[in-house]
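Visitor: A predicted structure for the sequence below; I have some questions about it.
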Amino acid sequence: MKFRPLHDRVVVRRKEQDKTTAGGIIIPDTVEDKPQEGEILAIGQGHINDNGDVRPLDVKVGDTVLFTKWSGTEVTISGEDLMIMKESDIMGIVAA
Amino acid sequence: MKFRPLHDRVVVRRKEQDKTTAGGIIIPDTVEDKPQEGEILAIGQGHINDNGDVRPLDVKVGDTVLFTKWSGTEVTISGEDLMIMKESDIMGIVAA
Amino acid sequence: MKFRPLHDRVVVRRKEQDKTTAGGIIIPDTVEDKPQEGEILAIGQGHINDNGDVRPLDVKVGDTVLFTKWSGTEVTISGEDLMIMKESDIMGIVAA
Amino acid sequence: MKFRPLHDRVVVRRKEQDKTTAGGIIIPDTVEDKPQEGEILAIGQGHINDNGDVRPLDVKVGDTVLFTKWSGTEVTISGEDLMIMKESDIMGIVAA
Amino acid sequence: MKFRPLHDRVVVRRKEQDKTTAGGIIIPDTVEDKPQEGEILAIGQGHINDNGDVRPLDVKVGDTVLFTKWSGTEVTISGEDLMIMKESDIMGIVAA
Amino acid sequence: MKFRPLHDRVVVRRKEQDKTTAGGIIIPDTVEDKPQEGEILAIGQGHINDNGDVRPLDVKVGDTVLFTKWSGTEVTISGEDLMIMKESDIMGIVAA
Amino acid sequence: MKFRPLHDRVVVRRKEQDKTTAGGIIIPDTVEDKPQEGEILAIGQGHINDNGDVRPLDVKVGDTVLFTKWSGTEVTISGEDLMIMKESDIMGIVAA
């Protein structure tokens, strides 16, 4: 990736979520306010505390993560719509 | 569970609460604003302070806990409606 | 008690306060906004600081305490209406 | 006193202030918004910092203190109307 | 002075400012919103940090200081209208 | 550059972004609310913590960075319209 | 100067900015909301942290600095209109 996030930021590619269920039912928008899945594409060097100590992040490139719909900032990098957020916006990691 | 919460977050399965009392009386919604019970399904590695020290959580998988109705975020994991919250949202543990 | 509060929380049973004075005069609601008395039924393991050090609470089970009317959360434990609050919501201890 | 304040709290008995001046002039309410005098009746064990260290208070029982009209909480202890406030609400000590 | 301020507070006697200029022009009120001068009459023992360490104040009794019009609290001590403010409300010291 | 930013501030020259796409389509303003690119022209000596320790910045002169549209302050230095922002306003570095 | 700022404050003399450009065009007020230049006339002894340690300021008397229009407080010292602000309000130093 041609972008290196600073500090405790990560770049996430949102997973397209089927708006139609297995049975063909369309999920209304209110349901979509739930947290969303995404894949980590790039991570910063870590959280930096007030003394300048660096704590590496607990997520890594390739992780599938869950984050709330309202976290992060939308960016366009190399023509692709991605998100930049802080590790603290990520609720957890979905097992492979 | 196929989801690993980050840091001081936990995954909770809300206990369905009978909306009808033993005597058959329906409990109105205002009464339901009280804290709710749930079961801990997964826990993060612990609270991380500014120096990067990890403090393990004081709740464990299987605990029945009490939390306020407004804490946490609703998520759907493997098709099941669950909640992700921080340990600080949990008021205490109900004895087995 | 079948409930163990987390950290610096305590469980309090509110003392019923006579709304009628000795002389039979009914106390209006505005007067009732004053702090209320209650009995400590259960206490958490203590206040935990950012380094993970635990400081035991300065109230103990059986203490009669004074707290402001707006502190804490109402809960129903084993069918009894009680309150969960933090030690910092308690203003002091009434001597036995 | 049958009440022991917690931590950095103190119990204060407000001094009744003459609403009539020496010359018989009635002081209007706006003037009364100025800080008020009171006597310290009981003090907590001290300010507790995040490490659990206790710093004894700088006021003692018997001190006449000045506090702003809006500080503290009104309480009734043993039938007497008193105030509970934090040491930080006290502006200073009036010399005896 | 019969009043001892607590911690980082000081007692200030506001300097009356001529509302008429040398040339006899009356200064409108909006101009008076600028910082005001006063004389330090009493000082507290110093700023106390969270560890209980005391740092003596950098102003002393007799200093002429500049403070913003909205800082501090008006008090009446021994019949004189004075102000109590924190050292952080003082912008600097006017040379003698 | 004839301007030296203080502490953790940097001077950024915003990159003009084509408002017309390769295919000749004009990008509407809402799309332009996305983060913008810029070049670092000058950096401060670093972030200073409460103990006075200096942590050098993680961006350097010449870096192309991404920042949100609302960060920083517009300035005119030597006749050129530039921006001054804090390192924390910068989301990451675009690879050369 | 007959005024000594306290701690991390500085006294600044605002530079009059030509409201007419070289070509004789009058700059409208909205453009004037940009940061302004000024000269440092006096500085405090430094920033004081919670432990009482003093960190000398990074600006010195004679420096030409850039500050936002809304920072600081207007004062009149020895009849001259000046500004008092904190070092953190200063964005940087203009090279001589």
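Guide: Cool, the structure landed. Values in this document were obtained by computation on a predicted structure and should not be read as measured data. Numbering: from 1, shown residues only, chains lettered A, B, ... in the order given.

Visitor: ok, residue A:48 touching residue A:54?
Guide: Yes: using C-beta atoms under 8 Å, residue A:48 makes contact with residue A:54 at a distance of 5.5 Å. For the C-beta atoms, the positions are set from N, CA and C on the backbone; glycine is no exception.

Visitor: Show me which of these two is the more surrounded one.
Guide: When neighbours are counted by other C-beta atoms under 10 Å in any protein chain shown, residue A:48 comes out ahead of the other of residue A:48 and residue A:54, with 17 against 14.

Visitor: tell me, what residue is most central in chain A?
Guide: residue A:12 (3.8 Å; C-alpha atoms, centre = their mean).

Visitor: The helix or strand hosting that one near chain F at all?
Guide: Using DSSP states H and E, the element containing residue A:12 is strand A:9-14. Yes: under the criterion of C-beta under 8 Å from any C-beta of the partner chain, chain F is reached by strand A:9-14 at A:9, A:11.

Visitor: now swap in stretch A:34-47 and tell me
Guide: Yes: with C-beta under 8 Å from any C-beta as the criterion, chain F is reached by stretch A:34-47 at A:42, A:44-45.

Visitor: Of the residues you listed, which ones also sit close to chain C?
Guide: Checking these against chain C (C-beta under 8 Å from any C-beta), there are no matches.

Visitor: what residue ranges in chain A are flagged as low confidence?
Guide: A:17-33 (pLDDT under 70).

Visitor: Please work out which residue of it is closest to chain E.
Guide: residue A:50 (15.3 Å; C-beta to the nearest C-beta).

Visitor: ok, for that residue, nearest residue in space, not its chain neighbours?
Guide: In this structure, residue A:50 finds its nearest non-sequential neighbour in residue F:49, 4.6 Å apart by C-beta to C-beta, 6 or more residues apart in numbering or on different chains.

Visitor: Just checking the strand holding residue A:12 against chain B, any contact.
Guide: No: using C-beta under 8 Å from any C-beta, we find that strand A:9-14 stays clear of chain B, coming within 11.7 Å at best.

Visitor: Mind listing what's buried along that strand?
Guide: Burial within strand A:9-14, assessed by neighbour count using 16 or more other C-beta atoms under 10 Å in any protein chain shown, is assigned to A:9-12, A:14.

Visitor: Likewise for stretch A:67-76?
Guide: For stretch A:67-76, by 16+ other C-beta under 10 Å, it's A:67-68, A:71-73, A:75.

Visitor: again with stretch A:50-69
Guide: For stretch A:50-69, by 16+ other C-beta under 10 Å, it's A:55, A:57-59, A:63-68.

Visitor: And the strands in chain A?
Guide: Listed in chain order, the strands of chain A (DSSP state E) span residues A:3-5, A:9-14, A:36-43, A:47-48, A:54-55, A:64-67, A:73-77, A:80-86, A:90-94.

Visitor: ok, the residue of chain A closest to chain E - contacts?
Guide: With contact set as C-beta atoms under 8 Å, 6 or more residues apart in numbering or on different chains, residue A:50 has these partners: B:50, F:49-50.

Visitor: Find the closest residue to chain D in chain A.
Guide: Counting by C-beta to the nearest C-beta, chain A gets nearest chain D through residue A:50, at 15.3 Å.

Visitor: Would you enumerate the residues in contact with the nearest residue to the residue nearest to the centre of chain A once chain neighbours are set aside?
Guide: Leaving aside its sequence neighbours, residue A:12 sits nearest to residue A:38 (C-beta to C-beta, 6+ apart; 4.0 Å). Counting by C-beta under 8 Å, 6+ apart, residue A:38 makes contact with A:12-15, A:64-65, A:67, A:83.

Visitor: picking up where we left off before, phi and psi next, for the residue of chain A closest to chain E.
Guide: phi -60, psi -20 (degrees, to the nearest 10).

Visitor: just the one 10 residues further on next, same as before
Guide: Backbone torsions for residue A:60, taken as degrees, to the nearest 10, come to phi -140, psi 170.

Visitor: Show me what counts as buried in stretch A:80-91.
Guide: Result for stretch A:80-91 [16+ other C-beta under 10 Å]: buried residues A:82-87, A:89-91.

Visitor: Which residues does the closest residue to residue A:41 other than its chain neighbours form beta bridges with?
Guide: Distances taken as C-beta to C-beta, 6+ apart put residue A:11 closest to residue A:41, at 4.6 Å, once the chain neighbours are dropped. Here residue A:11 sits in beta bridges with residue A:42, residue A:84, going by DSSP bridges.

Visitor: Pretty sure residue A:11 sits against residue A:83.
Guide: Yes: counting by C-beta under 8 Å, residue A:83 is a contact partner of residue A:11 at 7.2 Å.

Visitor: shared neighbours, these two?
Guide: What both residue A:11 and residue A:83 touch, as defined by C-beta under 8 Å, 6+ apart, is the set residue A:75.

Visitor: what does chain A put close to chain F?
Guide: So chain A meets chain F at A:1-7, A:9, A:11, A:42, A:44-45, A:48, A:50-52, A:73-77, A:84 (C-beta under 8 Å from any C-beta).

Visitor: can you tell me which two in the contacts of residue A:38 are farthest apart?
Guide: With C-beta to C-beta as the measure, no two of these lie farther apart than A:64 and A:83, at 13.9 Å.

Visitor: contacting residues for residue A:63?
Guide: A:39-40, A:93.

Visitor: Identify the spatial nearest neighbour of residue A:8, chain neighbours not counted.
Guide: Nearest one to residue A:8, counting by C-beta to C-beta, 6+ apart, is residue A:47 at 4.2 Å.

Visitor: wait, the one you found sits on residue A:6?
Guide: No: using C-beta under 8 Å, residue A:47 is not in contact with residue A:6, being 11.2 Å away.

Visitor: re earlier: of the buried residues of strand A:9-14, closest to residue A:34?
Guide: For these, the nearest to residue A:34 is residue A:14 (13.3 Å; C-beta to C-beta).
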